[in-house]
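> Following is a predicted model, sequence given first.
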Amino acid sequence: MKRKMNRNLLHLLVVVFCFSATAQNLNQPLPVNTKIKKGILSNGLTYYIYNTDVTKNAASYYIIQNVGSVLENDDQQGLAHFLEHMAFNGTENFEGKGILNTLQKEGAVFGKDINAYTSFDETVYNMNNIPTTPELIDTCLLVLHDWSNYLLLTDEEIDAERGVIKEEWRTRQSGRMRILQQSLPTMFNHTIYAERLPIGLMDIVDNFEYKALRDFYHDWYRTDLQAIVIVGDVDVDVIEGKIKNLFSKIPKVENPKERFIVNIPDNKDMLFNMAMDKEVTTAQISFGIRHPKSLKDETVADLKEALMENMITSMFSDRIKEITQKPDAPFLGAWISYGNNSRSTKAFSTTISPKPNEQHKAFKAALEEINRAVKHGFTKEEMDRTIIQFKNYYETQISKEDDKAHGAIVSIIQKNYLENETMTDIAKEYELAKAIMTGLTPKDIHHKLKQLYTDKNRFLTVTGVEGHNNLTKEAALDIIEAVENDDSLIAYSDGFSGKTLMSDLDISAGKITEESFNESIGATTFVLSNGITVHYKFADKNKNDVKLNAVSYGGTSLLEDAYLPSANYTSIVVQRSGLGDYSATDLSKVLAGKTASTGINISGLTESISGSSVTKDVETMLQMVHLRFVKPRFDQDAFKVLVGNLENYVIRRSNDINEKIKDSVTIALYGKNHPKKRLFTKEYISEISFDKIKEIYLDRFNNASDFEFFIVGDLKKETLKPLLEKYIASIPTNNNTEAWKDNSVEWISKSIDKDVYLKMEDPKSSVKIAYKNNLDYSLKNKLIAQATGDILKLRFTETLREQEGGTYGAGVFVNLSKKPVEEAMIYVSFDCNPDKVDQLVAIVHNELRKIANGDINQVDLDKTTTNYLKERQQQQDYNRYDMRLLTNFFREGYNMNNPENFENIVNNIMINDIQEFTKKVLENADTYEVVIKPKN
């Protein structure tokens, strides 16, 4: 007894000492991740290099420009974004489309591997997952070098890009976008942010003089406002030497313009905006309180503040989720957050989606929950659970530190460069965080919340609905005053404690009756005593990561048409109902501190259960899978909440132009009342039944032995086997097996050519073109179909986008299906200027005919096949590849690792293969051409 007391006392002293040391050193800087190499050249350019082999023999390259639309003059609105486009239209070392052509030949894809974005305060360019051959490393560094200071900005390329950007604007315009434009002055207190949406003004895009763009470029694209980032399987010292040699030669700008930070002034009175649009038929309320954001070097004190802020929003989220799961809640959803509002500010905010005509009640209910906590704080139980969750998050992140994706690493670096956030050593940060959290009290959290919920710098934006009782400024202020002075608000009560997932469940474990090993794919197959088959493969390419998938044939193909509306929402209701003995609210509490989840899905031909966990929580994941079969939960309240959401969605989509386009295409292809292609209406919702959902689930998941299980991840076989015997072999089964039925749907006519006229606020046309034909399925034909689609994307980018400036981009989908019918389809869609429809449609058909006639560029085919080989090699560095390997081997009958099933096919795809495929699809095909046009 004496020794035990001493150990406890020692532990207590260590904890006290750790927290005391932290408390006394709150001004110390946060520990820096020294693996990230950072430097600044004499010309002011910053560079970051990080070595990781998460994707072997590949690296990603970024240039972060501390330049965005807020820096534009009045006559330059939209030119920061325009300049982003121009970076792909000619540089000193890559004329014209030289950057894209060079990288596409190495397997990179524009829009996926090569891209950029422009925001209010920054512009970022990237080249992702480029093979790290010496030549390509030098090429990518040269691209970054040219993006830094050597854009050509020729008259011809500028004029060619005007149309592309105009079509990007047209594609992005919507009722919600117009609402945003109306709300910006309130969100940003009438500062320049309100007038600088990055897409800009189309009058300026159409008519600006070349000098305006060049002036913006020369003023702001300069080394003291730039950082380059190289992340990947590279030698840091070698890359640093190359950077110094290449980028130090870029001249420093003399007497540069000041890169100012837009400060948002304080406001004593609440700012308010009511926005409405004819195409927006559902309300939304956003209430925020703005706070200054420090851009100074971060310290331990900042970590403490961030932890408390994150705990507050996490606990609020749990409370709001409880309310949302009640059918009588006045809102469909509410979200409380504390995050960036601008470069210099953050905002404590709540966003509310009210039920129809309940804006006042919804706003009041959300405010009451905030003020309940402001008045009474959070419970110790809530805090304890949240701390457990945070510790679990830290431990999971530390275990996966070497598996961080390139983009996740770049995000950390970007925040360091633009906002001066510390790139912390997460393991050392965790030690600080543990000490801080150990010493936190409910009083600390309560005090922090009161600091966030202030009476100044408030703003409220309301998306109103014409004809509804919309929340006015006066009504909102009355509600705020009433709630803040409501002494009847009682403290939140948390009665949950001490429960486990499998409480009161008696499990009779089964046995593994057979075990075999397949050398060709490195997988073990277990046959369990209840007839279930489990295929398992150890894979630690991603550490501390385990995935499960259990699949059975049948799906909705075995259901009568009357059950289809209910079937489409079965997975949502089941997911929201919780599991076993626990509601969704209680389930999240039971699982606090664990990283494990499961989900169900019912598709056209299959039903499945998926699972995911870290290694330590595999048992929890398998427990949840067991419960999915033996003790599913069906919550009537969850169903009622879903129906409320769906009814609101019917209202929301009623005037939405994109939803009208979708419905118009469905009617054109299948008619108004096809039982398998229903329009989303009130009548459709009325046919969704709780009893049918329960019946469907119990029918589709009543026999686990008809499911084939796949488990892949960082989990030893010796650990897995007893867990399989306990939780999977114990599931009751029968010997029934099922097969899917052909549930394919034909168009109403072999040839459909239809123009549909719709009223719209911002005129645009939407074009949908398709060909389909019967074609035998094979792996070779599947890859030829895919290659045809990617070649078409290149062709349409060149013709429809670049040559004609007629669209922001064409979507292309070319597929060869195996089930339920062997059928090939070519599908093309794009938005465009209504005046150009006939011209662009003619180009689409002409390009298809050209390919069918053999007019195919070998360079385009080479780009495509090189991409496939590159991506396949890179995919093999991830556990998810092994899951696909197992699934395809056992369910589709082929070995992905065998070169005959991929590499040999890809390397031998010829121009005549593309030609013959396209010719077969087009010849005597079923076709449609549906064009949506604005009604005058």
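Thanks, I have the structure now.
> pretty sure S689 is touching Y569, no?
No - counting by Cβ atoms under 8 Å, Y569 is not a contact partner of S689; they are 9.9 Å apart. In this view, the C-beta of every residue, glycine as well, is placed from N, C-alpha and C.
> Looking at the two, which one has more neighbours?
Y569 (21 against 16; other Cβ atoms under 10 Å).
> Quick check: D504 vs R214, distance?
Distance from D504 to R214, counting by Cβ to Cβ, to the nearest Å: 74 Å.
> which one of these two has more residues nearby?
The neighbour comparison of D504 against R214 (other Cβ under 10 Å) goes to R214, with 15 against 8.
> Can you classify the closest residue to that one other than its chain neighbours by secondary structure?
Sequence neighbours aside, L153 is the residue nearest to R214 in space, at 5.6 Å (criterion: Cβ to Cβ, 6 or more residues apart in numbering). Classification of L153 using DSSP: H, G, I helix; E, B strand; the rest coil returns coil.
> quick one: the helices in the stretch 601-750 of the chain?
618-630, 636-653, 657-670, 682-686, 690-700, 717-723 (DSSP state H, counting those that start in this stretch).
> Run through who's touching the third one.
The reference is to helix 657-670. 174-175, 279, 653, 676-677, 679-680, 745, 747-748, 752, 754, 756, 758, 760-761, 766, 768, 928, 930, 932 (Cβ atoms under 8 Å, 6 or more residues apart in numbering).
> do the first one as well
Counting by Cβ under 8 Å, 6+ apart, the neighbours of helix 618-630 from elsewhere in the structure are 501-502, 505, 507, 546, 548, 550, 579-580, 591, 594, 596-598, 600, 609, 611-613, 701, 704, 715, 719-720, 723-724, 726-728, 730-732.
> what's the angle between it and helix 690-700?
Here the directions of helix 618-630 and helix 690-700 differ by 110 degrees (axes from the mean of the first three to the mean of the last three Cα atoms, to 10 degrees).
> What residues of helix 618-630 count as buried?
618-630 (16 or more other Cβ atoms under 10 Å).
> next one: stretch 271-286 to chain centre, how far?
With Cα atoms, centre = their mean, to the nearest Å as the basis, stretch 271-286 stands 25 Å off its chain's centre.
> Now that stretch - C-alpha only, PDB.
This file holds the C-alpha atoms of stretch 271-286, laid out as PDB (Å, rounded to 0.1, in the frame of the first residue of the first chain):
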ATOM      1  CA  LEU A 271     -23.700  45.300 -38.400                       C
ATOM      2  CA  PHE A 272     -26.700  43.800 -40.200                       C
ATOM      3  CA  ASN A 273     -27.600  42.700 -43.700                       C
ATOM      4  CA  MET A 274     -30.700  41.100 -45.200                       C
ATOM      5  CA  ALA A 275     -30.000  39.500 -48.600                       C
ATOM      6  CA  MET A 276     -32.500  37.900 -51.000                       C
ATOM      7  CA  ASP A 277     -32.500  36.400 -54.400                       C
ATOM      8  CA  LYS A 278     -35.200  34.900 -56.600                       C
ATOM      9  CA  GLU A 279     -33.300  31.600 -57.000                       C
ATOM     10  CA  VAL A 280     -32.800  31.200 -53.200                       C
ATOM     11  CA  THR A 281     -35.900  29.900 -51.400                       C
ATOM     12  CA  THR A 282     -34.500  28.800 -48.000                       C
ATOM     13  CA  ALA A 283     -33.100  31.000 -45.200                       C
ATOM     14  CA  GLN A 284     -29.800  31.100 -43.500                       C
ATOM     15  CA  ILE A 285     -28.500  33.100 -40.500                       C
ATOM     16  CA  SER A 286     -24.900  33.900 -39.700                       C
END
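> quick revisit: out of the helices of the stretch 601-750 of the chain, flag the one nearest F813.
Evaluated over the helices of the stretch 601-750 of the chain, closeness to F813 peaks at helix 657-670, with 13.9 Å, by Cβ to Cβ.
> Now the closest one: average pLDDT?
On average, the pLDDT along helix 657-670 is 97.
> With stretch 537-557 instead?
Computed over stretch 537-557, the average pLDDT equals 97.
> Endpoint to endpoint, it covers what distance?
31 Å (Cα to Cα, to the nearest Å).
> Okay, buried residues for that stretch please.
537-539, 541-542, 544-557.
> Is it correct that L100 is in contact with N115?
No - judged on Cβ under 8 Å, L100 makes no contact with N115 at a distance of 10.9 Å.
> Those two: who's more crowded?
The neighbour comparison of L100 against N115 (other Cβ under 10 Å) goes to L100, with 20 against 15.
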